[in-house]
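> quick check, what structure comes out for this input:
(chains A, B, C and D, ligands or ions: 4)
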2 protein chains.
Amino acid sequence: MNIGAIARVSGLTTEAIRYYEGIGLLPAAKRGANGYRVYSGVDIARLIFLRQARKVGFTIDQCRQLRNLYENPRRKSATVHALVANKLVEVEQHIHELENMRRVLSELISACSNDEQAGCAIIDSLAGSAASDHLGKAKT
Amino acid sequence: MNIGAIARVSGLTTEAIRYYEGIGLLPAAKRGANGYRVYSGVDIARLIFLRQARKVGFTIDQCRQLRNLYENPRRKSATVHALVANKLVEVEQHIHELENMRRVLSELISACSNDEQAGCAIIDSLAGSAASDHLGKAKT
DNA sequence: TGTAAACCTTATAGTAGCTATAAGGTCAAG
DNA sequence: CTTGACCTTATAGCTACTATAAGGTTTACA
Ligand SMILES: [Zn+2]
Ligand SMILES: [Zn+2]
Ligand SMILES: [Zn+2]
Ligand SMILES: [Zn+2]
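Ligands and ions are numbered 1, 2, ... in the order given. Below you'll find the predicted structure:
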């Protein structure tokens, strides 16, 4: 199985797979006589594992920790649990930041007259109302 | 007013301000006799504007468009409105992606026994259940 | 058999939006 | 007069890849 084939079954790109190998997230693949990387079933599982982890938001570094647990038969379920619970908190924080942005954007949109005029509540609001006398009047 | 002072009032870092100038998002600042950048009221408004725009999620490129509108007295409110409405859609898409991650992470956490054992539903699930016979049994 | 497409290889540069570092010059306080 | 807080530029680093260049290999098919 060459890199293109395993890319298709794992859902990663060939470039990503080579990149993971380069940074040591994956072990160096075996090579065929022609120098091509050769993969087998155990590699498929590893790649799918990484793909899934990335998809739910784990960073490369966190994926490295997950991989260590994945490959350690003496791991404890609780260690894995803690890692995932941490990630959940991170994702929720990220969601809250974006929800704040969404709220502000909605408010801006509501305030805007959305017409042909130059005056715009969005512009005024972003500039900070105090600075709405913005152009041409410098006070050093 | 030097760069440190305007950084404090605008909420940007000095490095970010110099970076914005370098990429042309800000006009080149005037310089004092010593070569230091010198800022005035009009610059404060511009920096606060950029800071606010970045805070609600606009990219540098979108900030450039917003800045053009901000500085164009013949702009139309509707143009600004469209830009912000677009950004709102982008932010909502980002939120939905993260909500998906959150859902999957929650499911993983619920399935995990969270104890001292090596068997872990999270590991199994990430590897794709079909690959749960993962280590040591290669089939090419 | 020739050749063109579809693979594979490496190395390097680019993306976004900064932050950090190095190696200096300037200014205000004690 | 020295210490520390500023300021300057240029350059490298960060994340997680993607894109490009410049090749070598394999497969298909006319
Ligand atoms: Zn408007
Ligand atoms: Zn995000
Ligand atoms: Zn939603
Ligand atoms: Zn578990």
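> can you get me the start-to-end distance on stretch A:110-123?
Across stretch A:110-123, the terminal residues are separated by 13 Å (C-alpha to C-alpha, to the nearest Å).
> which positions in chain A make contact with ligand 4?
Residues of chain A lying near ligand 4 by C-beta under 5 Å from the ion: A:77, A:80. Where you see a C-beta, it was placed from the backbone N, CA and C, and this is true even at glycine.
> helix or strand next in line after the longest helix along chain A, which one?
Counting residues, the longest helix in chain A under DSSP state H turns out to be helix A:77-111. Tracing the chain C-terminally past helix A:77-111 and defining elements by DSSP states H and E, one meets helix A:121-126 next.
> hmm, that following helix in reach of DNA strand C?
No. On the criterion C-beta under 7 Å from any atom of the strand, helix A:121-126 is out of touch with DNA strand C, staying 14.6 Å away.
> just the buried positions in the longest helix of chain A, please.
Applying a neighbour-count criterion of 16 or more other C-beta atoms under 10 Å in any protein chain shown, one finds A:77, A:79-81, A:83-84, A:87-88, A:90-92, A:94-95, A:97-98, A:101-102, A:104-105, A:108-109 buried in helix A:77-111.
> can you check stretch A:27-35 too?
Buried positions in stretch A:27-35, judged by neighbour count with 16+ other C-beta under 10 Å: A:Ala29.
> for chain A, which residue gets nearest to DNA strand C?
As assessed by C-beta to the nearest atom of the strand, DNA strand C sits closest to A:Gly4 within chain A, at 2.6 Å.
> and chain A, which of its residues are near DNA strand C?
Counting by C-beta under 7 Å from any atom of the strand, the residues of chain A near DNA strand C are A:2-5, A:14, A:18, A:29, A:35-37.
> inside helices: which ones of these?
Those of the residues of chain A next to DNA strand C lying in helices (DSSP H): A:3-5, A:14, A:18.
> by neighbours, which of the residues you listed wins?
Neighbour counts for those (other C-beta atoms under 10 Å in any protein chain shown) peak at A:Ile3, which has 19 neighbours.
> show me what contacts it?
Residues near A:Ile3 by C-beta atoms under 8 Å, 6 or more residues apart in numbering or on different chains: A:14, A:17-18, A:29, A:36-37, A:39.
> swap in A:Leu108?
By C-beta under 8 Å, 6+ apart, the contact set of A:Leu108 is A:121-122, A:125-126, B:56, B:84.
> repeat for A:Ser77
B:112-122.
> and the nearest residue in space to it that is not next to it in sequence, how far is that from B:Phe49?
Leaving aside its sequence neighbours, A:Ser77 sits nearest to B:Cys120 (C-beta to C-beta, 6 or more residues apart in numbering or on different chains; 4.1 Å). Distance, B:Cys120 to B:Phe49, by C-beta to C-beta, to the nearest Å: 50 Å.
> just A:Lys55 next, same as before
Here the criterion is C-beta to C-beta. By it, A:Lys55 lies 36 Å from B:Phe49.
> more neighbours: which of those two?
Counted by other C-beta under 10 Å, A:Lys55 and B:Phe49 do not tie: B:Phe49 has more neighbours, with 23 against 14.
> what about the strand or helix carrying the more buried one, near chain A?
Using DSSP H and E, B:Phe49 sits within helix B:41-55. Yes. Helix B:41-55 lies within reach of chain A by C-beta under 8 Å from any C-beta of the partner chain, at B:41-42, B:44-46, B:48-49, B:52-53, B:55.
> now do the SS call for the residue nearest the centre of chain A.
Chain A has A:Gly57 as the residue nearest its centroid, 5.4 Å off, counting by C-alpha atoms, centre = their mean. For A:Gly57, the assignment made with DSSP: H, G, I helix; E, B strand; the rest coil gives coil.
> looks like it contacts A:Lys87 (just checking).
Yes. Between A:Gly57 and A:Lys87 there is a contact at 6.0 Å, judged by C-beta atoms under 8 Å.
> which bits of chain A sit near DNA strand D?
A:13, A:15-16, A:19, A:32-35, A:54, A:59-61.
> those residues into a markdown table, with extra columns for pLDDT?
Shown next, in a markdown table, are these (pLDDT from 0 to 100):
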| residue | pLDDT |
| --- | --- |
| A:Thr13 | 97 |
| A:Glu15 | 97 |
| A:Ala16 | 97 |
| A:Tyr19 | 97 |
| A:Gly32 | 96 |
| A:Ala33 | 95 |
| A:Asn34 | 96 |
| A:Gly35 | 97 |
| A:Arg54 | 97 |
| A:Thr59 | 97 |
| A:Ile60 | 97 |
| A:Asp61 | 97 |
